[in-house]
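Participant: Here is my input, please return the structure:
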Amino acid sequence: MYGADLTEIHDLIHESRGKDYGAEAGELTRRVRRLRPDASSLLDVACGTGAHLRHFAELFDRVAGIELSEPMVHAARRALPDVPVHVGDMRAFDLDGRFDVVTCMFGSIGYATTEDELHAVLAAFARHLNAKGVVAVDPWWFPETYLDGHVSADVTTAAGRTVARVSHSAREGTASRMDVHYVVADARDGARHFTETHHISLFTREAYETAFRAAGLAVEYVPGPHSGRGLFLGVAP
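Facilitator: Model prediction:
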């Protein structure tokens with residue numbers, strides 16, 4: 001779960017690495033509306049700081065978010081004071097309301113630790129869908145597309161603050177372990193260092209599709225988007 005240190009710099013570092021939240025939200029919305037042209041409500045699960053949600057709010061009449069990390073929930077609420085953002089676990093949440101679209105972006109679904117948990121996640125998504133609603137999931141890497149031992153490094157400066165990020169990712173059984181080191185420096189506070197470790201499951205494409213179908217969703221996989229991880233789209237009856 002993301003902590004307060006990372007929440008403060010999360011969007012800055014990822015946008016500096018080329019992530020375009022607005023373009024991703026727009027492209028996903030176009031794909032969803034090919035399946036549900038009248039879609040007007042959206043729930044973003046594992047919404048983080050609301051970086052995608054702020055763009056979805058311009059594209060849908062009603063939006064909401066849910067996020068496990070309380071620091072990220074607080075950040076999303078500050079950024080989007082008119083949008084309901086709930087604290088909750090994607091594996092077992094129960095909101096009062098249903099939506100035309102449920103999204104889960106940025107590989108966040110990989111935080112489900114087992115295939116049973118993956119099924120629970122998709123079942124929770126399906127419970128919050130209107131009839132003919134669409135679930136859109138940006139998955140984490142598949143076992144065959146994951147780069148074991150991958151190292152990345154980025155440095156960015158904005159508003160008088162410099163952030164450096166170095167990560168190393170290695171396979172651990174059926175998951176990836178990503179160790180990330182951050183150094184944040186500014187004139188007032190000097191430099192500080194912190195680390196985050198993330199265990200993210202390497203589910204197969206077949207495991208995702210099985211979980212979608214078990215939740216009662218007709219599923220298709222779109223290769224290519226989201227840095228090559230692709231996109232799953234599931235449609236409720």
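
Participant: So which residues make contact with stretch 158-171?
Facilitator: Residues from elsewhere that reach stretch 158-171 (Cβ atoms under 8 Å, 6 or more residues apart in numbering): 9, 12-13, 16, 146-157, 176-187, 202. No exception for glycine: its C-beta is placed from N, CA and C like everyone else's.

Participant: ranges for the strands of this protein?
Facilitator: Applying DSSP state E to the chain gives strands spanning 41-45, 62-67, 85-87, 99-104, 129-137, 151-158, 161-172, 175-186, 190-201, 218-222, 231-235.

Participant: Now do stretch 15-22, average pLDDT.
Facilitator: If you average the pLDDT over stretch 15-22, you get 86.

Participant: Need the distance between the two termini of it.
Facilitator: End-to-end distance of stretch 15-22 (Cα to Cα, to the nearest Å): 11 Å.

Participant: show me what contacts the residue positioned nearest the centre of the chain?
Facilitator: Geometric centre of the chain, nearest residue: residue 105, 3.0 Å, by Cα atoms, centre = their mean. Contact analysis of residue 105 by Cβ under 8 Å, 6+ apart lists 24, 28, 44, 46-47, 52, 138, 226.

Participant: Ok, residue 15 next?
Facilitator: Contacts for residue 15 (Cβ under 8 Å, 6+ apart) come out as residue 21.

Participant: one step back: are any of the contacts of stretch 158-171 buried, and which?
Facilitator: 9, 12-13, 16, 146, 156, 176, 178, 180, 182, 184, 202 (16 or more other Cβ atoms under 10 Å).

Participant: Could you single out the nearest of the residues you listed to residue 236?
Facilitator: residue 202 (27.1 Å; Cβ to Cβ).

Participant: From residue 174, how far out is the nearest residue to the closest one once chain neighbours are set aside?
Facilitator: Excluding the flanking residues, the one nearest residue 202 by Cβ to Cβ, 6 or more residues apart in numbering is residue 143, at 4.7 Å. Distance, residue 143 to residue 174, by Cβ to Cβ, to the nearest Å: 8 Å.

Participant: now do residue 49
Facilitator: To residue 174, residue 49 is 29 Å away according to Cβ to Cβ.

Participant: got it, and residue 104?
Facilitator: With Cβ to Cβ as the criterion, residue 104 and residue 174 are 20 Å apart.

Participant: what about these two, which has more around it?
Facilitator: Comparing residue 104 with residue 174 by other Cβ atoms under 10 Å, the one with more neighbours is residue 104, at 25 against 14.

Participant: give the contact list for that one.
Facilitator: Residue 104 touches 44-46, 90, 121, 125, 135-138, counting by Cβ under 8 Å, 6+ apart.

Participant: If we use 7 Å, what do you get?
Facilitator: 45-46, 90, 137-138 (Cβ atoms under 7 Å, 6 or more residues apart in numbering).

Participant: same thing with residue 136?
Facilitator: Going by Cβ under 7 Å, 6+ apart, residue 136 touches 28, 32, 101, 103, 231, 233.

Participant: which one of the strands of the chain lies closest to residue 207?
Facilitator: Nearest to residue 207, of all the strands of the chain, is strand 190-201, at 8.9 Å by Cβ to Cβ.

Participant: longest helix anywhere in the protein?
Facilitator: What stands out as the longest helix in the chain, according to DSSP state H, is helix 21-35.
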